[in-house]
Each structure stands twice: as C-alpha cells, then as structure tokens.
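This is a predicted model, with the sequence first.
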Amino acid sequence: MGSEIQKVCAGQFQILDNHGEAYHGFSLGGILKIQNQDTFTLCSLSSSAPIFSLERDDPRPEEELLVDEIKVLIAERMAAWGTDESNFAKRMNEVDPNSLFSTSLNSLTEAIKGMPLEVREHGYQSLLRFIESAIQTIKLSGEWPEEVLPLADLI
C-alpha cells in the first residue's frame, strides 16, 4: 500500500487492466501517479499536453498521423544527439509537455507546407488543417506559449 509519483517523458505507453486487456496511448510527458491498494493498483497520467489514445477501435486518422509524425520528430532529435543517449533521455524528461507539443505542431506545419503538393494530398493536407485548427483552439484558450522554440533548441 502507498503511492508513488514519477515524471515521465514523451513516448508510447501501454496499460494493462485487471483482466489483462491492454490499452495503448501516446503522451508528450507528464506526471504518473501510482497508488497501490490491497486489491488493486491505480495509475493516473496527467499532462499539460494532450494524451492520445492509440486504440484501433477508435480510429482518428489525423490524430494517428500526428502522433506518428511527432514520433519521427523525436527520433530525428534523438539521432542528432548521437551516442549521448543518457543526456538525451535526461533532456526529454526536463521538457515541458506543452512546450514539446506546441513546438511539434509548429515544426510539422512548416514541414508540411514545404512538401510538394503531390505528397500533401496523401493525408498531409488534412493533417495540416487538423494542426492549424488545434493551434487556433489552443491560442483561443490562452494556453499557447508566447514563444515557441525551434525543436532543435528545445531538445
């Protein structure tokens, strides 16, 4: 019995329920609270950025493509750190999830706008509209940061 709090960095996760059913998701980081009770363990993940469901029975093509593209951005930054994996992991754990999300949205917007039209027509045009809508919604809510750093400066 007791509880534990851990900071987690961006990545895909899997949660198993008490029946052995797995649930998959993707987070840009946050706080994981683990509470152990006599008959169960309760885990809750909170984040300043969205937490995405990756369940196959809940298809949202734009969200799935967004998560895939964010994973690519993170993998590219990891590659840029070379063999310095421990410092990359430390840096990822220090990054504010909302900053990572806004930076990722900006980076993807620039990348998609730079794609040839033939490429954009294969799902990226709808992803661009989805991202622009998300940015607008976040700005209207007052949650968009004043300054959005380039991804290379953030991680």
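Thanks, I have it.

which residues does the most centrally placed residue in the chain contact?
In the chain, the centroid-proximal residue (Cα atoms, centre = their mean) is residue 28; its distance is 3.3 Å. By Cβ atoms under 8 Å, 6 or more residues apart in numbering, the contact set of residue 28 is 10, 47, 49, 50, 51, 70, 97, 98, 100, 101, 104. Yep, even glycine has a C-beta here, placed from its N, CA and C like the rest.

And for residue 122?
Residue 122 makes no contacts at all, as judged by Cβ under 8 Å, 6+ apart.

any idea how far residue 105 is from it?
Remark: distance between residue 122 and residue 105 (Cβ to Cβ, to the nearest Å) = 20 Å.

do residue 37 as well
Per Cβ to Cβ, residue 37 is found 38 Å from residue 105.

more neighbours, the two?
Per other Cβ atoms under 10 Å, whichever of residue 37 and residue 105 has more neighbours is residue 105, with 21 against 10.

What does the pLDDT read for that one?
You'll see residue 105 listed with a pLDDT of 98.

Same check on the one 5 residues further on?
With respect to pLDDT, residue 110 has a value of 96.

What segments of the protein are helices?
Remark: helices assigned in the chain by DSSP state H are 61-80, 85-94, 97-113, 117-119, 125-141, 151-154.

could these go into TSV alongside distance to residue 42?
What follows is the helices of the chain, written out as TSV (distance: least, Cβ to Cβ, whole Å):
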stretch	distance to residue 42
helix 61-80	25
helix 85-94	23
helix 97-113	21
helix 117-119	44
helix 125-141	29
helix 151-154	32
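
worst average pLDDT in these?
Of all the helices of the chain, the minimum mean pLDDT falls on helix 117-119 (a mean of 84).
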